[in-house]
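Undergrad: predicted model and sequence follow; I will ask about them next.
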Amino acid sequence: MEIILFVFGSVGLTHIVVDSSIMSPIRELFDKYLPEKIAKLIHCYVCSGFWCGLFCCWGAFPGVTWQQILIGGFASSVLANFMAIFMNYLEASTFINMPPEERK
């Protein structure tokens, strides 16, 4: 059960940080006051996924070692990026409905 909570929690938190309207003012502050390379961290699914994964792994699995938390961050980075690509694919396929003979 903790694995499922970790996966959905880390992907959901990453999506909130990177793409939600709730975090828009904070992303704008990052863009305004921080150097560009650091501000990009909050716009990137891989980068934000890592940090959200560290937090979610620490919360979902009490008593884990720092190595396991680090691995959770890496796993969340991959999961968040995959889900972002998958969601973009689903969204794109709902907007463009080409007849089957034109998809070649």
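TA: All right, it came through fine.
Undergrad: got the buried residues for the helix-or-strand element of the chain with minimal mean pLDDT?
TA: Least confident helix or strand of the chain, by mean pLDDT, DSSP states H and E, is helix 36-39 with a mean of 89. The neighbour-count check on helix 36-39 (16 or more other C-beta atoms under 10 Å) flags residue 39 as buried. For every residue, glycine as well, the C-beta is placed using N, CA and C.
Undergrad: what sits up against that helix?
TA: 30-31 (C-beta atoms under 8 Å, 6 or more residues apart in numbering).
Undergrad: could you rerun that using 10 Å?
TA: The contact list for helix 36-39 (C-beta atoms under 10 Å, 6 or more residues apart in numbering) reads 27-33.
Undergrad: then stretch 5-25?
TA: Here stretch 5-25 has contacts from 2, 26-27, 30, 41-57, 59-61, 72-73, 75-77, 79-84, 87, using C-beta under 10 Å, 6+ apart.
Undergrad: that older thread, could you export the contacts of helix 36-39 as a markdown table, including secondary structure and pLDDT?
TA: Output for the contacts of helix 36-39, formatted as a markdown table (DSSP: H, G, I helix; E, B strand; the rest coil; pLDDT from 0 to 100):
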| residue | secondary structure | pLDDT |
| --- | --- | --- |
| 27 | helix | 93 |
| 28 | helix | 94 |
| 29 | helix | 93 |
| 30 | helix | 93 |
| 31 | helix | 93 |
| 32 | helix | 94 |
| 33 | helix | 94 |
